[in-house]
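Participant: just to be clear, the model below is a prediction. Sequence and coordinates:
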Amino acid sequence: MIVADRKSLEEILAMVAGNTKILILGCKGCVTVCNVGGLKEVEILAASLKIARKKAGTPLDIDINVLERQCDTEYVAQICESVNDYDAVISMACGVGPQFLSEMYKTQVFYPGVNTTFFGGATQHGVWEERCAGCGTCGIHMFGGLCPIARCAKSLLHGPCGGSSKGVCEVNADTECIWDAIVRKKMELGQLEDLMGVRGLKDWTSARDGGPRRSIREELVQGNI
Amino acid sequence: MRLSYSADIKIIQVPCTGRVDILHLLNAIEDGADGVYVAGCLEGECHYIEGNLKARRKVAYVKKTLVELGIEPERVEMYNLSSAQGARFAQIANEMAARIKALGPTPVQAPLVKNHTAA
């Protein structure tokens, strides 16, 4: 799912420096799963901000709420009655949340409380790793179920670069060289031949490179888009 | 054992320090506590296996948060002792009380209301 990291308290305090009453809005989706924007984390952030502002002598009144998801107007609409009661709102959802909120409530200020980073999963409790770059043309089956677009620093398609050493990427000692892993897996499966051919140029227009994307299920769309 | 220890300590009993949450510690600081400490079982002897280990990680998180907020991280601490160690309990209480006295009152004060305007 989408993984994010909370912004530093310093940065968040700077955002609401001039405010006296704010709302911190969590999300029960991805940010709850990666323990950064769910109810517990919203309460912790509220307590931390209150401590800071109390210490500074400028108390901050904070309300908290958690929406099912902030990426659906149906849920975003649920706060319509109270959203403008605040000087500002901190959204703990991924980048989609503050934008959906801003689009619906045009006169309110929505601050992002987290930095949204990647699509990934938990490899152990408390650790999330990137697995997908959203390139729009998935071909992990060609690489033994591992994605070199997301997991190779250079998104290479034909094998490791010269910087691959002892299964580790030259960019970061903590990063495994995914090409090392792909080749090993294919060798173990006796399918190394599959990696031998030269692939055609990847079509990057389906990725971010092609501009903001849209996904449509025509069978579900009512009326005009 | 009838040992004396600092009267400045308010004890809150929990079945396991694993029950203590980050929010409990932060709320204590927010509500004006000069310090908070968590006293859990000796590591490896937690009845619920890892509750005391989790508590230690939560205390570490709160210490980190306090540093970000410009508050002394020494105001929050984790201790491990067996429930049979009465003397150690008293020693920890006195040690923490002395530490907090040395640090002074909490920097998180409610603003003093100086002028009351009658409604």
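Facilitator: Received it, and whenever you're ready, just let me know what you need.

Participant: what's across from the residue nearest the centre of chain B in the sheet?
Facilitator: By C-alpha atoms, centre = their mean, chain B has its centre lying nearest to B:Val36, at 1.7 Å. Beta-bridge partners of B:Val36, counted by DSSP bridges, are B:Val76.

Participant: who are the contact partners of it?
Facilitator: Counting by C-beta atoms under 8 Å, 6 or more residues apart in numbering or on different chains, B:Val36 touches B:25, B:28-29, B:75-77. The C-beta positions use only the backbone N, C-alpha and C, and glycine is treated the same way.

Participant: which one of these is nearest to chain A?
Facilitator: Nearest to chain A among the contacts of B:Val36, counting by C-beta to the nearest C-beta, is B:Ile29 at 5.8 Å.

Participant: isn't that closest one up against B:Glu72?
Facilitator: No: using C-beta atoms under 8 Å, B:Ile29 and B:Glu72 do not qualify as a contacting pair, with a distance of 10.7 Å.

Participant: ok, the two, which is more surrounded?
Facilitator: B:Ile29 (27 against 16; other C-beta atoms under 10 Å in any protein chain shown).

Participant: centre of the chain versus stretch B:53-73, how much separation?
Facilitator: 11 Å (C-alpha atoms, centre = their mean, to the nearest Å).

Participant: list of residues touching that stretch?
Facilitator: Contacts for stretch B:53-73 (C-beta under 8 Å, 6+ apart): A:8-10, A:48, A:51-52, A:55, B:17-18, B:20-22, B:25-26, B:29, B:38, B:40, B:43, B:46, B:75-78, B:103, B:106-108.

Participant: can you do 6 Å?
Facilitator: Contact with stretch B:53-73 is made by A:9, A:48, A:51-52, B:17-18, B:20, B:22, B:25, B:38, B:40, B:76, B:78, B:103, B:107, as judged by C-beta atoms under 6 Å, 6 or more residues apart in numbering or on different chains.

Participant: closest approach to chain A from chain B, which residue is it?
Facilitator: For chain B, C-beta to the nearest C-beta, closest residue to chain A: B:Leu26, 3.9 Å.

Participant: OK, contacts around that residue?
Facilitator: With C-beta under 6 Å, 6+ apart, B:Leu26 has these contacts: A:Ala47.

Participant: so B:Ala39 is in which element?
Facilitator: In this structure, B:Ala39 is located in strand B:36-40 according to DSSP states H and E.

Participant: can you name the next helix or strand after that strand?
Facilitator: helix B:51-68.

Participant: CA-only coordinates of that next one in CSV, if you can.
Facilitator: Taking Å, rounded to 0.1, in the frame of the first residue of the first chain, the C-alpha atoms of helix B:51-68 are listed here in CSV:
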residue,chain,number,x,y,z
GLY,B,51,5.4,-6.3,27.3
ASN,B,52,8.4,-4.7,29.1
LEU,B,53,10.4,-4.7,25.9
LYS,B,54,7.6,-2.9,24.0
ALA,B,55,7.4,-0.4,26.9
ARG,B,56,11.1,0.3,26.6
ARG,B,57,10.7,1.1,22.9
LYS,B,58,7.7,3.3,23.6
VAL,B,59,9.7,5.2,26.3
ALA,B,60,12.5,5.6,23.8
TYR,B,61,10.1,7.1,21.3
VAL,B,62,8.7,9.5,23.9
LYS,B,63,12.3,10.6,24.8
LYS,B,64,13.0,11.3,21.1
THR,B,65,9.8,13.3,20.9
LEU,B,66,10.6,15.3,24.0
VAL,B,67,14.0,16.2,22.4
GLU,B,68,12.1,17.5,19.3
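
Participant: and the angle for that helix with strand B:36-40?
Facilitator: 160 degrees (axes from the mean of the first three to the mean of the last three C-alpha atoms, to 10 degrees).

Participant: mind listing what's buried in helix B:51-68?
Facilitator: B:51-56, B:58-59, B:62-63, B:65-66 (16 or more other C-beta atoms under 10 Å in any protein chain shown).

Participant: hmm, A:Thr116 is touching A:Ala93, no?
Facilitator: No: in this structure A:Thr116 lies outside contact range of A:Ala93 using C-beta atoms under 6 Å: 8.7 Å.

Participant: so between these two, which is more surrounded?
Facilitator: A:Ala93 (33 against 18).

Participant: tell me the contacts of that one?
Facilitator: A:27, A:31, A:37, A:70.

Participant: got it, and B:Tyr37?
Facilitator: Contacts of B:Tyr37 (C-beta under 6 Å, 6+ apart): B:77, B:96.

Participant: change it to 10 Å
Facilitator: B:9, B:25, B:59, B:75-79, B:92-93, B:95-97, B:99-100 (C-beta atoms under 10 Å, 6 or more residues apart in numbering or on different chains).

Participant: give me the neighbour count for A:Thr32.
Facilitator: 21.

Participant: that one should be in a strand, yeah?
Facilitator: No: assigned with DSSP: H, G, I helix; E, B strand; the rest coil, A:Thr32 falls outside any strand and is helix.

Participant: next one: the nearest residue to it once chain neighbours are set aside, what pLDDT does it get?
Facilitator: Nearest residue to A:Thr32 in three dimensions, chain neighbours excluded: A:Gly38, at 3.2 Å (C-beta to C-beta, 6 or more residues apart in numbering or on different chains). For A:Gly38, the pLDDT comes out at 97.

Participant: residues in contact with A:Gly38?
Facilitator: Per C-beta under 10 Å, 6+ apart, neighbours of A:Gly38: A:26-32, A:66, A:92.
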